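Chemist: Have a look; sequence and predicted model below, questions after that.
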Amino acid sequence: GQHPSHCRPPPPPQKEKIKINQNPTVGQSDCYVSLFLPSASFETARTKNIKDCKDPVWNETFCYRIQNQVKNILELIVHDENHCLLDGHPFTVLFDIAKLQLGETICLTFPLDPKCLPKLIITMIFYFFHHGLNARQKELDVRLDYELCPDEKVFIQKRKKIVAAALKRVLCMDNDLQHHEVPVVAIMATGGGARAFTALHGHLLGLQKLNLLDCLTYISGSSGSTWTLSNLYEEPGWSQKDLLGLIAEAQKNMSKCKLDCFTLDQLKKYHDILKQREKDGYKTCITDLWGIFIDQALGNGVMDRCSSTLSEQRHAVNYGQNPLPIYMILNTRDKYSLQEFKEWMEFTPFEVGLLKYGAYIRAEDYGSKFFMGRIMKKIPESHICFLKGMWSNVFSYNLLDAWHKIDSSEDSFWYSYTHDKTKQIENVCLSDTVLDTFPNQLMTSLEYLSLIDTAAYIDTSYAPLMKPERKVDVIIHLNYSSEKASRYFAKQGIPFPKIDLSREKNLKECYVFEDATDSEAPIVVFFPLINDTFKKYKAPGMKRGPTEMKQGEVDVTSLCSPYEIKNFQYTKENFDKLIELTSYNIQNNKNLILQALQRAIERKKPRTKQTSSQI
């Protein structure tokens, strides 16, 4: 059932036991009875078929675990396999479970058709599970709680020690920070295809050169920035290594010809991978093919690293050695626009969950089939390449269009993978429930979640960082969309500083926003993707010579930019320029970043009322 915000988990379920034990005298027939209780199960249960029997007695028991907050209508249908008795039309009985009293055993008689099947006799037992709340919670495979999971809490304790030591060094502090004085600093990276993939590498390099990577607790990403994060977190100690090595590998991938990903040999391998995915129990479509392409084009190659999964990224955070990555996507409904219905869904190496409901599952269980908080069918954990495709599935439409130009035949093997445009994922958490007067005619639980790239609505990964339990103090926003995010969170009543850059004729490299009247609102350090002083300076304080001016010409804004969002191949020169620009913008605004960190520490101490300010 639906579990909205600010509500406690639903009360314990009740259990209904149905025993079909007797049927009056009927003609020679092959009868059986089917049972369907849509509020409790997707499955239609049925008795065995009793052949050529005048007085069939099934004597079978069926158990359902039900919720009393919804209307539970049991549908009983008497079938005759050879149609000699019922003339091909089964008899249907609808029974409201609410008519039963808790704890009683009753015998119900349902009149049918006096001419051929007078009545159906059923014994029902309606009883309550006497388990405590903690016992029930331990039984569930879904965690129903808005609190952080135990693994993340342990991570934070370990990470705080590293952050405290790093802040003491970069801020030149005399005394150690106390546990409660350590601010939670996060990077919020937006999408933007290969441009985001490349730029995030450069931003992280700039932070590394300023010794600020160890000051971070979280890195959230959406769409194209998830490609960078998923590659980095295959290395257990990536933030402790020189990022130039990983950037060189990214340059190699960005500059290679992407047509090589679509040779006949490659397509055959893709075919085998998708077929195996179907055998594992997944539904496949265009975003799976897109994910394989992204991994081959910009990642480490699905066919070379078939064991890489989201849960395996725990090796990169188990000791608090790196910030915790958070990947974002939106859950939608087919019949509703994004303005009407969208839900933020987050992925970490520990858990996957819907923020709205406080419903989470283990990362390794993502993709398995769930019902009533329990795993009904365990499916092998998905390779991370398929998650990459899903997190950035807005770009799969480009692949879809290109593919249909090459081969639009319905007889083609690839038609089934490129026909469905929206990725549908097994229902991993609680689904919405829409109550009605006739529950059997509505889907009380959607079988699948329809997940789309956040870029389809608001290109941001702020949502998980605004979760109150994470207590984020500073957000380093990389790229655009901040003003839109400010309006969104204001509408939701979530503390967030007011950001308005609409009057800025020429954007600066960095802005710092703070709502000094609300200590719950994070300080936002905002970096637009802009080329300003880099045109004249090759490094902070170092002017370019006459022969170096061309290196400062980096077009990131015009329609003719080589970094246009649909471009998935850069020359080595253009890749290096974007890395140098984004790294420079971070380093050139070191003081603003340090001021924000210092201010966050001060805000954790006794303070007086101040007004909203912009640095």
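Modeler: Yep, that arrived.

Chemist: which residues of the stretch 101-250 of the chain fall in helices?
Modeler: 133-139, 150-170, 193-209, 225-232, 243-255 (DSSP state H, counting those that start in this stretch).

Chemist: swap in the chain?
Modeler: Applying DSSP state H to the chain gives helices spanning 133-139, 150-170, 193-209, 225-232, 243-255, 264-280, 286-298, 384-391, 396-406, 415-419, 482-492, 572-588, 590-603.

Chemist: Name the residues of the longest one that are buried.
Modeler: What that stands for is helix 150-170. Within helix 150-170, the residues that count as buried by 16 or more other CB atoms under 10 Å are 151, 152, 155, 156, 159, 160, 162, 163, 164, 166, 167, 170. C-beta here means a position set from N, CA and C on the backbone, and glycine is covered the same way.

Chemist: Mind putting those into a markdown table with distance to residue 563?
Modeler: Formatted as a markdown table, the buried residues of helix 150-170 follow (distance: CB to CB, whole Å):
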| residue | distance to residue 563 |
| --- | --- |
| 151 | 37 |
| 152 | 35 |
| 155 | 34 |
| 156 | 36 |
| 159 | 33 |
| 160 | 37 |
| 162 | 34 |
| 163 | 33 |
| 164 | 37 |
| 166 | 32 |
| 167 | 34 |
| 170 | 31 |
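
Chemist: and the residues you listed as TSV, adding pLDDT and distance to residue 561?
Modeler: As requested, the buried residues of helix 150-170 are exported to TSV (pLDDT from 0 to 100; distance: CB to CB, whole Å):
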residue	pLDDT	distance to residue 561
151	98	41
152	98	39
155	98	39
156	98	40
159	98	37
160	97	41
162	98	38
163	98	36
164	97	41
166	98	35
167	98	37
170	98	34
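
Chemist: sorry, back to before: with respect to residue 555, which of the helices of the stretch 101-250 of the chain lies nearest?
Modeler: helix 193-209 (11.7 Å; CB to CB).

Chemist: Relative to residue 353, which of the helices of the chain is closest?
Modeler: helix 150-170 (11.3 Å).

Chemist: quick one: low-confidence ranges for the stretch 51-200 of the chain?
Modeler: Filtered on pLDDT under 70, the stretch 51-200 of the chain yields the residue ranges 54, 67-69, 82-90, 102-104, 112-138.

Chemist: now the strands for it?
Modeler: Applying DSSP state E, counting those that start in this stretch to the stretch 51-200 of the chain gives strands spanning 60-66, 73-80, 91-96, 105-113, 117-128, 143-144, 185-189.

Chemist: quick one, what contacts the nearest residue to residue 510 once chain neighbours are set aside?
Modeler: In space, and not counting its chain neighbours, residue 510 is closest to residue 589: 3.8 Å by CB to CB, 6 or more residues apart in numbering. Taking CB atoms under 8 Å, 6 or more residues apart in numbering, we find residue 589 in contact with 509, 510, 527.

Chemist: ok, now residue 197?
Modeler: Contacts of residue 197 (CB under 8 Å, 6+ apart): 224, 225, 227, 228, 250, 254, 298.

Chemist: cutoff 7 Å now
Modeler: Contacts here follow CB atoms under 7 Å, 6 or more residues apart in numbering; on that basis residue 197 touches 224, 227, 228, 298.
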